[in-house]
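K.L.:
please find the sequence and the predicted model below.
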Amino acid sequence: MHTTLLVYAMKKFLLFLYAVLLIVLFSTCSPLYPLNPWDDANVYMTIGNAMLGGRELYVDIFDHKGPVLFFLHEWAAMLSRGSFVGIFLVEILCCYCYLLFSWKTMRLFAPASMALPLTLFLGIVTYTSDFFCYGDSVEEFALPILAHSLWLLIMYVRDRRMPTFWHSAAMGVGVGLLFWMKFNLLFFYVGGLLSLFYITWRRQSLADFWQVVGRSFLGFLAVTAAVLAYFAVHGTLAALWESYFMVNVVQYHGVATNGEPPFWWFKLVKLGIWAVLMVPVIFLKVSRDIKLLLFGTYGILVLSFATLTVQFYYFLTLFPSPACQLPPFGSPCSRHNSQEHKAIRHAARYCRPRRSHQLEHRHAAERHVPKQCARDG
């Protein structure tokens, strides 16, 4: 037991060291680079410095991104007003959490000997891709949040293990942070909730669905209350509404950027990209419920990218998807997990509440129920 825990802790420490290495080498916020040349990152840091100097967000200074992003850069400016050292530390934390939850997701499907190497491979692919840009993007900060949510949802759908109160609340906090940084990323959760609702309805366990939603909403409410309280105290709620919501909903999404031709056929091209990204999910050796969850979460998110004007680095948020992680897995492990899932489903079938016309068969059925029967949902 102690040896197993020690090995587990050593693997987590290895992921942390790997996260430090990735950010040091590939983020231009690293001390190895003289500056971050990306204009967006410099805008964020300039606003953070201005807020630290007493300027009012959305009144004295403006950008259409959400306030949480600028709170983060204000904190970073406290550490160093002339460099990205603070953001560099945040990037290390985000990278570690992203790798950790990706590793946890892979362990649900891959042998232990394969999960860690594949996670290391996923890390190098993520942070060397063009979608990573130069570092210090909203999409980079979203990676650990999406990876954590996906791990919880897959664990629940696959093994019927209810998330704990704190895990559900943490997922809600993540939703709140994304909502107040870039709310169009919430398409991930819209599709996820719709998929989860259908799966739990088919399993006759909607009560568990509403329990997870309620706990997550508490976390979302905590973040939202803190943000609104800040702007209420400063008397800038109207500026928040106008600059963050109205500008993004009414104006920003209709502006073609990076030379994108604003023609209907270009949106068809992006729909083709959506098909290329999501079709491999059909061939994954996982249960139908997992496939439905992937189509609901990342399918809806990519579809939103295909129908709206987006920047190329938006696609960084797709890297936590098991559509990128699972195809390399060998078929023996997949068959094992498929059989395990069928066994759980077979046992849980006898735990479902019977209707009135089935009550007379209940005692006969219970004789075949395993003692360690997993509760449905």
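P.N.:
Received it, and whenever you're ready, just let me know what you need.
K.L.:
P163 in helix, strand or coil?
P.N.:
Here P163 is coil, with the state taken from DSSP: H, G, I helix; E, B strand; the rest coil.
K.L.:
pretty sure it sits against L152.
P.N.:
Yes. Contact criterion CB atoms under 8 Å: P163 and L152 qualify, at 4.9 Å. Every C-beta, even on glycine, is put in place using the N, C-alpha and C of the backbone.
K.L.:
of these two, who's got more company?
P.N.:
More neighbours surround L152 than the other of P163 and L152, with 25 against 21 (other CB atoms under 10 Å).
K.L.:
what packs against the helix or strand harbouring the more buried one?
P.N.:
Element membership for L152, per DSSP states H and E: helix 138-159. Helix 138-159 makes packing contacts with helix 67-79, helix 85-107, helix 165-179, helix 187-202, helix 288-294, helix 331-349 when contacts are defined by 3 or more CB pairs under 8 Å, 6 or more residues apart in numbering; DSSP states H and E.
K.L.:
closest to A41 out of those?
P.N.:
Nearest to A41 among the helices and strands packed on helix 138-159 is helix 85-107 (7.8 Å), distances taken as CB to CB.
K.L.:
continuing past that closest one, what's the next helix or strand?
P.N.:
Sequence order places helix 112-128 as the next helix or strand after helix 85-107, per DSSP H and E.
K.L.:
now that next one, how far from the chain's geometric center?
P.N.:
Helix 112-128 sits 17 Å away from the centroid of its parent chain (CA atoms, centre = their mean, to the nearest Å).
K.L.:
go through that helix and flag the buried ones.
P.N.:
114-116, 118-120, 122-123, 126-127 (16 or more other CB atoms under 10 Å).
K.L.:
report the rounded mean pLDDT for it.
P.N.:
Averaging pLDDT along helix 112-128 yields 88.
K.L.:
distance of A9 relative to H2?
P.N.:
According to CB to CB, to the nearest Å, A9 and H2 sit 10 Å apart.
K.L.:
same drill for those two, tell me which one is more crowded.
P.N.:
More crowded of A9 and H2, by other CB under 10 Å: A9, with 10 against 6.
K.L.:
any idea which element the more buried one lies in?
P.N.:
Using DSSP H and E, A9 sits in helix 2-26.
K.L.:
find the centremost residue of the chain, please.
P.N.:
The chain has L146 as the residue nearest its centroid, 0.6 Å off, counting by CA atoms, centre = their mean.
K.L.:
ok, now how distant is that one from N49?
P.N.:
29 Å.
K.L.:
so L294 touches V302, yeah?
P.N.:
No. Applying CB under 8 Å, one finds L294 not in contact with V302, separated by 10.6 Å.
K.L.:
shaky segments in this protein?
P.N.:
Low-confidence segments of the chain (pLDDT under 70): 1, 252-284, 303-310, 322-377.
K.L.:
now the common contact residues for P163 and L152.
P.N.:
Taking CB atoms under 8 Å, 6 or more residues apart in numbering as the criterion, P163 and L152 both touch M171.
K.L.:
buried stuff in the lengthiest helix in the chain?
P.N.:
When every helix of the chain is counted residue by residue (DSSP state H), the longest turns out to be helix 206-234. Residues of helix 206-234 classed as buried by neighbour count (16+ other CB under 10 Å): 208-209, 211-212, 215-217, 219-220, 223-224, 227, 231.
K.L.:
adding distance to R202, write those residues out as CSV.
P.N.:
Converted to CSV, the buried residues of helix 206-234 look like this (distance: CB to CB, whole Å):
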residue, distance to R202
D208, 13
F209, 11
Q211, 17
V212, 16
R215, 22
S216, 21
F217, 23
G219, 27
F220, 26
V223, 32
T224, 32
V227, 37
F231, 42
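K.L.:
which one of those residues is nearest to M78?
P.N.:
V227 (19.0 Å).
K.L.:
thought A147 was touching C97?
P.N.:
Yes. If you go by CB under 8 Å, A147 and C97 touch, sitting 7.3 Å apart.
K.L.:
you'd agree K65 is up against F183?
P.N.:
No. The pair K65 / F183 is not scored as a contact, 10.3 Å apart, by CB under 8 Å.
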